[in-house]
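> Just need the structure, nothing else, for what follows:
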Amino acid sequence: STLLSLLRTVFSLCRNYCLKLSATKCRFFMREALWCGSIYSQKGISPDPRRIQALSDFGLPQTAGELMQFVCAATWLSSSIHDFSKKVDPLRQLLEVSLSSAPVRTKKFASRILVDDLGWKAEHTAAFHSVIDIIKHAVTLAYPSEDLVPFLFTDASKDFWMVVITKFPNLICICHSKSNII
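Numbers count the residues shown, from 1 in each chain. Okay, here's the model as predicted:
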């Protein structure tokens, strides 16, 4: 009954704002939906396994254009990937070197530049494989839950930052600092 009430509200808003829905493009009462490369389900939001497979099958970049394509596609998944910015940094640095003196920062222009000419090293190959490995282990982002307590964890350095919000069952937590107990 709640779902039908919400559906009525959506239809009412569409009618009030003169929005038209296409019957052939609408799906109702789905258990999961693929939208913009993510799968939405009762468990949460997870990356589309086909996108993960496509990135896993991506060969070592030969040109700066291929490197740009890989970094951009991998960055799209970064919210589901632990320590992403740190792992992709050597690739981003090399990409920045390739485009620093370019008249335009496009894939078409970058495709003329070979990564070997930029100084592709073993560290770049290792970073590439590391990014692919963490992509394969992307996490499902869960929805908020009233019965769990949110915790915020942060970390930052001069080069990187990371924020993780997670939820745990109702726990008593005592955090220690150098000077006192919080």
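> Give me the below-cutoff pLDDT ranges for the chain.
Within the chain, the stretches with pLDDT under 70 are 1, 169-182.
> 50 instead?
Applying pLDDT under 50 to the chain flags residues 174, 176-182.
> which residues sit in contact with the spatially most central residue of it?
When C-alpha atoms, centre = their mean is applied to the chain, the residue found nearest the centroid is L77 (2.3 Å). When contacts are counted by C-beta atoms under 8 Å, 6 or more residues apart in numbering, L77 touches P47, R51, I52, L55, F84, I135, A138. (C-beta placed from N, C-alpha, C; glycine too.)
> Swap in 10 Å and give it another go.
The contact partners of L77, by C-beta atoms under 10 Å, 6 or more residues apart in numbering, come to G37, S38, P47, D48, R51, I52, L55, F84, V131, I134, I135, A138.
> Tell me the spacing between the residue lying closest to the last one once chain neighbours are set aside and N16.
When you say that, I think you mean A138. Closest residue in space to A138, ignoring its immediate chain neighbours: S80 at 4.1 Å, by C-beta to C-beta, 6 or more residues apart in numbering. According to C-beta to C-beta, to the nearest Å, S80 stands 36 Å off from N16.
> Which one's more surrounded, the two?
S80 (20 against 8; other C-beta atoms under 10 Å).
> Quick check, that one in contact with L141.
Yes - here S80 reaches L141: they are 6.1 Å apart, a contact under C-beta atoms under 10 Å.
> so what's in contact with those two at the same time?
Shared contacts of S80 and L141, defined by C-beta under 10 Å, 6+ apart, are found at S38, G44, I45, S46, P47.
> Where does L6 sit: helix, strand or coil?
Look at L6: counting by DSSP: H, G, I helix; E, B strand; the rest coil, its state is helix.
> Likewise for T125?
Counting by three-state DSSP, the backbone at T125 sits in helix.
> Let me see the contact set for it.
Neighbouring residues of T125 by C-beta under 10 Å, 6+ apart: L60, P90.
> And it, how far from S78?
T125 is 21 Å from S78, where distance means C-beta to C-beta.
> Same check on V115?
21 Å.
> ok, those two, which is more surrounded?
Applying other C-beta under 10 Å to V115 and S78 shows that V115 carries more neighbours, namely 23 against 16.
> got the CA positions of stretch 122-132 in PDB?
C-alpha atoms of stretch 122-132 as PDB (Å, rounded to 0.1, in the frame of the first residue of the first chain):
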ATOM      1  CA  ALA A 122      57.000  -0.700 -14.100                       C
ATOM      2  CA  GLU A 123      55.400   1.500 -11.500                       C
ATOM      3  CA  HIS A 124      52.700   2.600 -14.100                       C
ATOM      4  CA  THR A 125      52.100  -1.100 -15.000                       C
ATOM      5  CA  ALA A 126      51.800  -1.900 -11.300                       C
ATOM      6  CA  ALA A 127      49.400   1.000 -10.700                       C
ATOM      7  CA  PHE A 128      47.300  -0.100 -13.800                       C
ATOM      8  CA  HIS A 129      47.000  -3.700 -12.500                       C
ATOM      9  CA  SER A 130      46.300  -2.400  -8.900                       C
ATOM     10  CA  VAL A 131      43.400  -0.200 -10.200                       C
ATOM     11  CA  ILE A 132      42.000  -3.200 -12.100                       C
END
